[in-house]
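J.: build me a model:
(2 chains)
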Amino acid sequence: MNLLGLVLFLPLIGFFVVLFAPRESKAPYYLALLATVATFLASLGLVAPATANGAQFSSVINTLWTNAPGMQIHFHLGVDGINIWLVLLTTFLLPIGVWISDSMIRERQKTFFALLLLFEFGLLGVFTALDLFVFYVFWEVALVPMYIMVGSWGKGLRGPAAVKFFVYTMFGSVLMLASILYLHSITGTFDYVELMNSLNTGAVTLLPSQQLLLFLGFFAAFAVKVPIFPLHTWLPNTYTQAPAPATFLLAAVMSKMGAYGLLRFCLTLTSSGAHTCAAWVNVLAIIGIIYGALLALVQTNIKRLIAYSSISHLGFIVLGIFTFRQQGADGAVYQMLAHGISTGALFVLAGYLEQRRGSLEISDFGGVANIAPGLSTAFMIALLASIGLPTLCNFVGEFLLLQGAALAKFSWAAWAAIGVVLSAAYMLWMYQRTFFGKVTEHSPRFTDLSLRDWAPLLPMIALMVWLGVYTQSFMPPISSATSRLLEQTNMNNQYQVLAKPAPMEVADVR
Amino acid sequence: MFANFMPESVDYLRFLPEILLSVFGIVIMLLEALMPARAKRTSLGGVAFVAIVLAFLGNMWAASHPGPAFSNMIAVDSYGTFFRGLVLVVGALCILNSLGYMEREKAQSGEYYALILFSIVGQCVLATAADLLMVFIGLEISSIATYILAGYLRDDRRNNESALKYFLLGSFATAFLLYGIAWIYGLTGSTNLEQIRSALDQGSRSTLLAGLAAAFLFVGFAFKVSVVPFQIWAPDVYQGAASPVSAFMSAGPKAAAFAVFFRVFMVSFRPMNARWVWLVWGCALLTMIIGNFAALLQTNVKRMLGYSSIAHAGYVLVALAASSQIGIAAAMFYLAAYALMNIGAFAVVSHIAARNERFVRIEDLAGLGRREPVTAALLAIFVFSLIGVPLTGGFFGKFYVFQAALNSHLVWLTVIGLINSAIAAYYYLKIIVAIYMKDPGEAVEQLPPPAISLRIAIWASALGVLILGVFPGTLLSIATSSAAMFR
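T.: Numbering: from 1, shown residues only, chains lettered A, B, ... in the order given. Prediction:
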């Protein structure tokens, strides 16, 4: 076990510790905060080795999990230039989730914090898994706590929303499981790196017909999770009914699971399948971009509006991935980070608004800027980041994505750009109705942000600026990893056998 | 010549678990007759538990002397030892479940525990049977004891209905089985599983008649393991019987019947594999679909678990359709995981149900998470395992079964089976919704704390489910090496 093992298992240890903490006390909160902050600090140590050579996996863990004949499963994890940032995004946002939960979750706090930690464990596993079986296991492990959080602490019709979320995801993931099993029955291994190497050397070839089936299975799971139109219908209900911290994590981190899966597994393992379906996927992504934006335009509820805007933004990421261009893939990864931060901040702020007014209907608000200027400023910054104002994070991602799309097919970029315009429209219109105008019903509970409320926002705003201004701190490792990935894609797609296979993995950096 | 029929001493050793259980069963009945009428009968349950523990040790001892016994009537091999062990664990858990339950229903008595022991004797015989006659005898011993158990609370109308249905349909199925055995004997001149195989291998027998005989046996076994179209009895019986008995029936007799089902088809009828595999394929498909869709509509937890047990039988049949060694190993693992999770779920249900099983609707579970967080969390583990969420035994079971199916190129059966398990998530989640997402109702408000024995049973099942989910290697290695004897 190395540092990655520590990062992965700290949340799990935290989960058990919190379970045994006394119920009616602050202890679960402090323990959860401690665990998540420690995880974040530990994960910082992964950055240097992972970014030194973004194209290779570092901090690798590779131990045998089960060794029954015909069923060897390796507990194989590692980070490269792509997933290191997703790991950091997760470990960075989880303490914020714990922090805001303390005031937003009123009852059965202990269980909630325990579930948050289990959720973090699952997410970190998903982002670092290098074995398809392990990936699937973590994929489901992340689902269960989120399901319970939405169902138990949500509002209104939370039960049906949570069940819809679970069953939808389950349908996708069983198809992915079918693909994983099918791949195993062809190749005899679950190990991603081993699969890559044997595809490179030509030891294993997957026929286009097989690849198509495999691709569709994987795609089903990822498309539900992203979500890609028309599989998005679980999202608005789930986001709206979920408690604020859960919505925050769903939008900021969990939605990246699907996009990451598309990039990591669909593009490399089943590249011919991905190429065959790319045009269809991109059309769906563009429909999602425009459709999500149009629906966001007519929403009357702030949370629902941000939820639909999420569908639109995630459409960009999918479009970028399926351009098979360097810019598109770079932009997709960058946008995952940017979207995580900016939408995360928006949902945190929506949570604050809800705490103060007890509702998120736009019509219940008005003139908030007069009563709570701090809150309004923070909201404005997050909003501008979200619509892609230059110098803030989303601009970089969207620019690269559109560039990639334009290189692949100009009309795709043209259609997708409509989404950018619309995003400015719905966001600013919502802001205008909520924060400007006449003050509705001045309630004494409606206070401006306290220092405690600012605490999670400031680092997020700082990151928005950092990501928007100094791209160089993040981009080089991403580029080297994505270029390696795309090279793999094109190679597999053309059935070229590399004369001298490049090793995928460096020796374990301990 | 007659000397050959004299049992050797090692034969008795190989039969030790059955002997121990039978002796203890009789002792319990005698003890009860000698006890004063007012005395508490709980201690008799303790005696039965001890008997099972001893039989388990006996099983281990017998396993160290593998081989045939009583002129090839039974055979102790690792496959048989595995299933003997499984039904003994099931029995032990069910006795723990029953102690508190029978106390609450004021029906504590020795004969109940004696019947459980006798039923397990039958199941142990089934697990090791090497001859169709022993199959029949084992099935009868197990079934007759179970019929009585199903109707054990004789003042309860649902118990009576359950027992009657189970008895009538079960006898009907046994008749099919016996008829099939007779045909096989007529065709091959033997009832020994290996000899039947070699006779069929020679190919001189009419394949049509052999196929019909196999079909008769199939019907008999399909009844016992509740496979479509012979599943009609299962929901009624599981709903009507006392919860610990339902748990027992859905785990023990089912596992034993599957054990012998696999053994007969993978040993005796292996030569005509290509003919029956499609029959199994179709039945597996229908069983999964009908079990799951019917379960979607249920409001009674016991009935829902009844339908879900049909669906799970369908998943195990998928492993038989694979008809490979991996398939057998997968089925063994699956049945073990299924037994644990189902007994656990039934145990929690019997706890909530209160006297006379008044609270057995899904909404009666409402709010359990607030009132008894530990019990609720354990129930959640069982439910997630039944769904097939990773890190539980149920997931690995499903995983191995479908892997076996894919290795035998049953692509569509795998896809449909997996989609089925997503559909199943919908009804299982109703339980999770009730316990975590609803406010406590009448049933949960007046819930007394669970009895110690019940608590032990639930914890043991949950730990078992998690261990199978996180470290499946040990059990799977045992299953794989046992399956290796099926050539």
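J.: can you check which helix is longest in chain A?
T.: helix A:326-357 (DSSP state H).
J.: hmm, I was thinking of chain B
T.: Ranked by residue count, the top helix of chain B under DSSP H comes out as helix B:157-188.
J.: centre of the chain to it, how far?
T.: In terms of CA atoms, centre = their mean, to the nearest Å, the centre of helix B:157-188 is set 17 Å apart from its chain centre.
J.: quick check: residue A:336 vs residue A:423, distance?
T.: Per CB to CB, to the nearest Å, residue A:336 is found 17 Å from residue A:423. For every residue, glycine as well, the C-beta is placed using N, CA and C.
J.: which residues in chain A form strands?
T.: Applying DSSP state E to chain A gives strands spanning A:58-68, A:71-79.
J.: actually chain B, not the one I wrote
T.: Counting by DSSP E, the strands of chain B are B:67-69, B:74-76.
J.: now residue B:372. Nearest residue, chain neighbours left out?
T.: Excluding the flanking residues, the one nearest residue B:372 by CB to CB, 6 or more residues apart in numbering or on different chains is residue B:447, at 6.7 Å.
J.: and the residue lying closest to residue B:252 once chain neighbours are set aside, what does it touch?
T.: Of all residues not flanking residue B:252 in the chain, residue B:90 sits nearest, at 4.1 Å (CB to CB, 6+ apart). Neighbouring residues of residue B:90 by CB atoms under 8 Å, 6 or more residues apart in numbering or on different chains: B:248, B:251-252, B:255, B:339, B:343.
J.: can you rerun that using 10 Å?
T.: Applying CB atoms under 10 Å, 6 or more residues apart in numbering or on different chains to residue B:90 gives the contacts B:52, B:116, B:120, B:123, B:247-248, B:250-256, B:335-336, B:339-340, B:342-343.
J.: residue B:299: how many residues sit nearby?
T.: For residue B:299, the count of nearby residues is 12 (other CB atoms under 10 Å in any protein chain shown).
J.: do you know how far it is from residue B:249?
T.: Counting by CB to CB, the gap from residue B:299 to residue B:249 is 21 Å.
J.: test my guess that the residue nearest to residue B:372 contacts residue B:348.
T.: No. Between residue B:447 and residue B:348 there is no contact under CB atoms under 10 Å: 11.0 Å.
J.: shared neighbours, the two?
T.: Between them, residue B:447 and residue B:348 share the contacting residues B:368, B:372, B:375, judged by CB under 10 Å, 6+ apart.
J.: tell me the one of the residues you listed nearest residue B:271?
T.: For these, the minimum distance to residue B:271 (CB to CB) is 50.7 Å, reached by residue B:375.
J.: got a list of what the closest one touches?
T.: With contact set as CB under 10 Å, 6+ apart, residue B:375 has these partners: B:347-348, B:351-352, B:368-369, B:435, B:447, B:449-450, B:454-455, B:458-459.
J.: make JSON lines out of these and add pLDDT.
T.: Putting those into JSON lines (pLDDT from 0 to 100) gives the following:
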{"residue": "B:347", "pLDDT": "93"}
{"residue": "B:348", "pLDDT": "92"}
{"residue": "B:351", "pLDDT": "89"}
{"residue": "B:352", "pLDDT": "88"}
{"residue": "B:368", "pLDDT": "87"}
{"residue": "B:369", "pLDDT": "84"}
{"residue": "B:435", "pLDDT": "88"}
{"residue": "B:447", "pLDDT": "83"}
{"residue": "B:449", "pLDDT": "85"}
{"residue": "B:450", "pLDDT": "86"}
{"residue": "B:454", "pLDDT": "91"}
{"residue": "B:455", "pLDDT": "92"}
{"residue": "B:458", "pLDDT": "94"}
{"residue": "B:459", "pLDDT": "94"}
